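> Provide a 3D model corresponding to the input given below.
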Amino acid sequence: ATAAPSLRSPLALAWRLHRGPLLGWLIGVAVVGAVFGSIASGIGDLVGSSPQAQQIFARLGGSHALTQAFLAAMAGMFAMVASLYGVQAVLRMRGEETAIRLEPVLATSVGRLRWAGGHLVFAFFGTAALLLTGGLFMGLANGLRTGDTGGSIADSLAGMLVQLPAAWVVVALAVAIFGLVPGSSAAAWAVGALALLLSLFGPVVNLPQAVLDVSPFQHPPKLPGQAFTATPIAWLLAVAAVALAAGLLGWKRRDVG
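Residues are numbered from 1 along each chain as shown. As a prediction, this is how the structure comes out:
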């Protein structure tokens, strides 16, 4: 009752725990986004006439226009990295549990779902904030070079946002692992790493499409460059919702320890 306002609710406590890592991630994606955006318009000169390099960018970015393919590929990469932040935020719950800092909190009037909700706000919306920040700075840097700042920012943000449901699938699977098999919570890192490796290197080594489709990042439309389709977005959101619900149900029923 005498705690500072920053510690008087589960969400306030979660903000205290997550604000440092989230700020560090935001600064990192802003810097990297600006770097990638500054070289986007000149990617043709960097790639040169190498047909292999052009083919790789075309497969990763879904377009034969190199600048668009590069921006789309970078959006997918940002989503993969942002999903790892989400996994980190989810696993903070497991860290609080194993460090025996959770039991005194749950011994009060704070319920399990309310406590978890505070952390999941940062896991899911923190992931979205990273993508928006990366898209903003990448679009801004590219726009300053091309002279079309507004259009460039819009294209970059669109490319990032269509990847968000795929990132949320990884985060939701981490919640499912935490809630259902807490002893194997570290496996959430393996889920994120597998999705990243399949999407990043699978097209390069020409893995079969059936194998590539295991990664959620293979399914969103690659913007800019491809036409927007809502169906894969809806399916990814549905998968994320199911995994999240399963994880929260498991968390509500299992023992703490």
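> List the contacts of residue 207.
residue 198 (Cβ atoms under 8 Å, 6 or more residues apart in numbering). C-beta coordinates here come from the backbone N, C-alpha and C atoms, glycine included.
> Does it belong to a helix, a strand or coil?
coil (DSSP: H, G, I helix; E, B strand; the rest coil).
> Could you list the buried residues of the longest helix seen in the chain?
For the chain, the helix with the greatest residue count under DSSP state H is helix 112-146. For helix 112-146, burial by neighbour count (16 or more other Cβ atoms under 10 Å) applies to 112, 115-116, 118-124, 126-143.
> which helices and strands sit right next to it?
helix 10-40, helix 66-98, helix 102-106, helix 149-161, helix 164-180, helix 230-253 (3 or more Cβ pairs under 8 Å, 6 or more residues apart in numbering; DSSP states H and E).
> got these as CSV, with distance to residue 203 and mean neighbour count columns?
Putting those into CSV (distance: least, Cβ to Cβ, whole Å; neighbours: other Cβ atoms under 10 Å) gives the following:
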stretch, distance to residue 203, mean neighbour count
helix 10-40, 19, 17
helix 66-98, 10, 24
helix 102-106, 42, 13
helix 149-161, 17, 21
helix 164-180, 15, 26
helix 230-253, 17, 16
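> Adding mean pLDDT, write the ones you listed out as CSV.
What follows is the helices and strands packed on helix 112-146, written out as CSV (pLDDT from 0 to 100):
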stretch, mean pLDDT
helix 10-40, 93
helix 66-98, 92
helix 102-106, 86
helix 149-161, 93
helix 164-180, 97
helix 230-253, 96
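> Any chance of the ones you listed in JSON lines with distance to residue 195 as columns?
Below are the helices and strands packed on helix 112-146 laid out as JSON lines (distance: least, Cβ to Cβ, whole Å):
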{"stretch": "helix 10-40", "distance to residue 195": "18"}
{"stretch": "helix 66-98", "distance to residue 195": "7"}
{"stretch": "helix 102-106", "distance to residue 195": "28"}
{"stretch": "helix 149-161", "distance to residue 195": "17"}
{"stretch": "helix 164-180", "distance to residue 195": "6"}
{"stretch": "helix 230-253", "distance to residue 195": "12"}
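> These: which one's closest to residue 197?
With Cβ to Cβ as the criterion, residue 197 lies closest to helix 66-98 of these, at 9.3 Å.
> name the helices or strands packed onto the closest one?
Judged by 3+ Cβ pairs under 8 Å, 6+ apart, helix 66-98 is in contact with helix 10-40, helix 43-47, helix 51-61, helix 112-146, helix 149-161, helix 164-180, helix 187-201.
> Surely residue 90 and residue 123 touch.
Yes - using Cβ atoms under 8 Å, residue 90 makes contact with residue 123 at a distance of 4.9 Å.
> Please enumerate the shared neighbours of those two.
Common neighbours of residue 90 and residue 123, counting by Cβ under 8 Å, 6+ apart, are 171, 174, 175.
> contacting residues for the second one?
Under the criterion of Cβ under 8 Å, 6+ apart, the contact list for residue 174 reads 86, 87, 90, 91, 123, 185, 188, 191, 192, 247.
> Who are the contact partners of the second one?
Same thing as residue 87. Counting by Cβ under 8 Å, 6+ apart, residue 87 touches 170, 171, 174, 188, 189, 191, 192.
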